[in-house]
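Trainee: Mind folding the following:
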Amino acid sequence: MHTDHKVYLLQKMIGPLMIGVWVGALSAVFFYEADIFWPDTGVVFGMALVISFFGLLWNRASRLHPLYRRGNAAIGAVRLGIILGFAWCLWVLVHHADPTIEGFWFVLYALMAFAAIKVFGQVAGQLFGPRLQVDVFERGNLAAGVFLGAFVLATGMIFGGASWGDLEAGGLEYGWVFEVLPGYEDGWWITPWFFGMGWLILVLTLGLWIRREKTDFYRRVVRDRNMEDAKAAAYFMIACAITLTYAVHGDYRGFADALIGFSVIALPVLGHEVMRPPAPAHAGNQAGDEGVPAVRSRDREGGVYILLALAGVVLAPLVSTLLGLRG
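Mentor: Numbers count the residues shown, from 1 in each chain. Alright, predicted model coming up:
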């Protein structure tokens, strides 16, 4: 990916972050005086609110010329990832989150979820190469749209998993690190902390997957619009998100048990080492283009990723129990 686009993304975040800090300071005073949140929680609320607001304004497809929007399935792929990821987070907050998450607390976690999806999903996903404005909106590159949509969905899945379960700050072995926070006992930091761990592992693992591909992944997806490679990456991201959603979900039972949960992600990685196709003789476009030989389908490879992830999620608690790591 071009360095200038990375700089552009960083510059794009400076303004909203500065406004978020200012609004966060005001909301900290407001919520503390209203006896709703501790100051640190109020700051997070304000920053999440501002980032969510800018997230709705960023890269709006409605401002594009109708010619760009007409028949552009790539836009729909990214939108679908945002909708599914945020819907998953809301479902977890309603049905499986800590019972104390209601009222302003529910709004706080919903804002954090949407902000995480927009920043760590939609914006950060472009650091791997596909650009939302250029490749998705203007060029209608469906392969780029599928890649970004899957990364956004994976980000939302992980945040939803981190929101699952009780918020017991004292139950974490390393919780003392956050005792300096005024709102430590509220446990609001638990969800962002586990999400950060899971998301970082997703980024590192996806980077390894791209590096281990026997092709120039950027050229194949962005320039050649190769759907098979884009779908394989999407399958892999969803498989990793399944394992990480399990790893970061609530009911913390100790470091060793959590380590087994995170180690499950090795299964899709090993699956890629076995299933990845050989390097093609030349770059190909989508199957069936005139003068270009059909590209081998990677759907079977994607299915293996998903099956390995599901098998790992099922077997991980059994292994942990057999090893005596669960209470």
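Trainee: any idea which helix or strand of the chain has the worst average confidence?
Mentor: helix 66-69 (a mean of 70; mean pLDDT, DSSP states H and E).
Trainee: chain center to it, what's the gap?
Mentor: The chain centroid and the centroid of helix 66-69 are separated by 28 Å, computed with CA atoms, centre = their mean, to the nearest Å.
Trainee: now stretch 137-145
Mentor: On CA atoms, centre = their mean, the centre of stretch 137-145 falls 20 Å from that of its chain.
Trainee: Now the longest helix belonging to the chain: buried residues?
Mentor: Longest helix in the chain by number of residues (criterion: DSSP state H): helix 3-33. Judged by neighbour count (16 or more other CB atoms under 10 Å), helix 3-33 contains these buried residues: 9, 13, 16, 19, 20, 23, 24, 27, 28, 31, 32. The C-beta positions use only the backbone N, C-alpha and C, and glycine is treated the same way.
Trainee: Dump the residues you listed into a markdown table; add pLDDT and distance to residue 320 as well.
Mentor: What follows is the buried residues of helix 3-33, written out as a markdown table (pLDDT from 0 to 100; distance: CB to CB, whole Å):
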| residue | pLDDT | distance to residue 320 |
| --- | --- | --- |
| 9 | 71 | 39 |
| 13 | 72 | 39 |
| 16 | 76 | 41 |
| 19 | 83 | 44 |
| 20 | 78 | 39 |
| 23 | 83 | 43 |
| 24 | 78 | 39 |
| 27 | 84 | 40 |
| 28 | 79 | 40 |
| 31 | 74 | 39 |
| 32 | 71 | 41 |
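Trainee: re earlier: render the CA-only coordinates of the least confident helix or strand of the chain in CSV, please.
Mentor: Only the C-alpha atoms of helix 66-69 are listed here, as CSV (Å, rounded to 0.1, in the frame of the first residue of the first chain):
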residue,chain,number,x,y,z
PRO,A,66,-25.2,8.0,-9.1
LEU,A,67,-23.0,6.5,-11.7
TYR,A,68,-20.6,5.3,-9.0
ARG,A,69,-23.4,3.8,-6.9
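Trainee: right, and the helix or strand after that helix?
Mentor: Per DSSP states H and E, the first helix or strand lying C-terminal to helix 66-69 is helix 73-95.
Trainee: Who are the contact partners of residue 214?
Mentor: Listed by CB atoms under 8 Å, 6 or more residues apart in numbering, the contact set of residue 214 reads 276, 277, 278, 279.
Trainee: Okay, and the third one sits in which element?
Mentor: In this structure, residue 278 sits in neither a helix nor a strand according to DSSP H and E.
Trainee: Next, the closest residue to it other than its chain neighbours: secondary structure please.
Mentor: In this structure, residue 278 finds its nearest non-sequential neighbour in residue 214, 6.2 Å apart by CB to CB, 6 or more residues apart in numbering. Per DSSP: H, G, I helix; E, B strand; the rest coil, the local secondary structure of residue 214 is coil.
Trainee: separation between residue 214 and residue 276?
Mentor: 6 Å (CB to CB, to the nearest Å).
Trainee: before we move on, the earlier item: show the buried residues in the contacts of residue 214.
Mentor: 276, 277.
Trainee: nearest to residue 148, of the contacts of residue 214?
Mentor: residue 276 (21.5 Å; CB to CB).
Trainee: For the residue nearest the centre of the chain, pull up the helix or strand it's in.
Mentor: The C-alpha lying nearest the average C-alpha coordinate of the chain belongs to residue 155 (CA atoms, centre = their mean; 1.2 Å). Assigned by DSSP H and E, residue 155 belongs to helix 142-162.
Trainee: could you say what helices and strands that helix packs with?
Mentor: Applying 3 or more CB pairs under 8 Å, 6 or more residues apart in numbering; DSSP states H and E, we find helix 142-162 packed against helix 73-95, helix 104-116, helix 190-212, helix 227-248.
Trainee: I'd like the average pLDDT over the second one.
Mentor: Taken as a whole, helix 104-116 has an average pLDDT of 95.
Trainee: same question, the first one
Mentor: Regarding helix 73-95, the rounded mean pLDDT is 96.
Trainee: So which bits of that helix are buried?
Mentor: Buried, per 16+ other CB under 10 Å, within helix 73-95: 74-75, 77-78, 80-82, 85-86, 88-90, 92-93.
Trainee: OK, contacts around the residue nearest to the centre of the chain?
Mentor: 85, 116, 117, 120, 121, 124, 125, 199, 202, 241.
Trainee: how many neighbours does residue 239 have?
Mentor: 28 (other CB atoms under 10 Å).
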